[in-house]
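Visitor: Give me a model of this one.
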Amino acid sequence: MSENTPQKLDFEALVAALREMGGFTDEEIERILDLAKKGASVAELMGVPKESLESGYGMGCALFEARQYEEAEVLFRTLCLYDGNSARNWIGLGLCYEKRNELLLAARSFAHAADLQKNEFPKAIYLVAMCCHKMQDVEAAKLLAEKALATKAADAESKTYRNLAKEYLASV
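Guide: Model (predicted):
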């Protein structure tokens, strides 16, 4: 199951939808309901292998690196639907939006990623800050950069993003 807090789900509506769709036995519906109550992602509910999600993420990154932002966006949106509790999917989607100058959508995607990470990692927070800066909200950008700087994660990527936040604060 996903280690992040699942979004609230109307279990009665889920059962009703599964029965209406047909093709599910009572045992399958019970298994799906049990997984949903434990916070399973749509991918887990539908039996999508983790390897498929990993491949999709790799393909999204490759499309992004090839500057095929619209195609990458479609893939990251799909990944967010299937595994909405994965912060990296939301960051990938946000980066696609940012490249297309959809800054509000990018900021929302990054903010969702930061929430999923319980604001413990600076990358998504820093990326929201940069969207705010580009949208001319320097005060919000500074507050977010300070928040990114205050995170405690010790991995190399987190150190890099804390340094970027520090550099940004020194420049404004």
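Visitor: dump the residue contacts of the most centrally placed residue in the chain.
Guide: Nearest residue to the geometric centre of the chain (CA atoms, centre = their mean): residue 90, 2.4 Å. Residues near residue 90 by CB atoms under 8 Å, 6 or more residues apart in numbering: 80, 109, 110, 112, 113, 116, 124. All C-beta atoms are positioned from the backbone trio N, CA, C, and that covers glycine.
Visitor: Spit out the contact partners of the fourth one.
Guide: Residues in contact with residue 112 (CB under 8 Å, 6+ apart) are residue 90.
Visitor: Quickly find the element holding it.
Guide: If you go by DSSP states H and E, residue 112 is part of helix 103-116.
Visitor: The first one too?
Guide: Under the criterion DSSP H and E, the helix or strand holding residue 80 is helix 69-82.
Visitor: Give the buried residues for the next helix or strand after that helix.
Guide: For helix 69-82, the following helix or strand on the C-terminal side (DSSP H and E) is helix 87-99. By neighbour count on 16 or more other CB atoms under 10 Å, the buried set for helix 87-99 is 87, 88, 89, 90, 91, 92, 93, 94, 95, 96, 97, 98.
Visitor: circling back to that earlier point, what's the angle between the helix holding residue 80 and helix 103-116?
Guide: Orientation note: helix 69-82 sits at an angle of 40 degrees relative to helix 103-116 (axes from the mean of the first three to the mean of the last three CA atoms, to 10 degrees).
Visitor: List the contacts of helix 69-82.
Guide: Contacts of helix 69-82 (CB under 8 Å, 6+ apart): 41-43, 46, 48, 53, 56-57, 59-61, 63-64, 86, 89-90, 92-93, 96-97, 99-100.
Visitor: Would you list the phi and psi of residue 167?
Guide: phi -60, psi -40 (degrees, to the nearest 10).
Visitor: okay, it: pLDDT?
Guide: pLDDT for residue 167: 98.
Visitor: for it, what are its contacts?
Guide: Contacts of residue 167 by CB under 8 Å, 6+ apart: none found.
Visitor: Could you measure from it over to residue 133?
Guide: According to CB to CB, to the nearest Å, residue 167 and residue 133 sit 12 Å apart.
Visitor: neighbours around residue 17, how many?
Guide: Burial measure for residue 17: 10 neighbouring residues, criterion other CB atoms under 10 Å.
Visitor: Quick check: which element contains it?
Guide: Applying DSSP H and E, one finds residue 17 within helix 11-21.
Visitor: related to what we said a few turns ago, tabulate the CA atom coordinates of the helix holding residue 80 in CSV.
Guide: Extracted C-alpha coordinates of helix 69-82, given in CSV (Å, rounded to 0.1, in the frame of the first residue of the first chain):
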residue,chain,number,x,y,z
TYR,A,69,6.4,18.3,-22.9
GLU,A,70,2.8,17.7,-24.0
GLU,A,71,3.4,14.0,-24.5
ALA,A,72,5.2,13.8,-21.1
GLU,A,73,2.3,15.7,-19.5
VAL,A,74,-0.2,13.1,-20.7
LEU,A,75,1.9,10.3,-19.3
PHE,A,76,2.5,12.1,-16.0
ARG,A,77,-1.2,12.9,-15.7
THR,A,78,-2.0,9.2,-16.2
LEU,A,79,0.6,8.3,-13.6
CYS,A,80,-0.9,10.7,-11.1
LEU,A,81,-4.3,9.1,-11.7
TYR,A,82,-3.0,5.6,-11.2
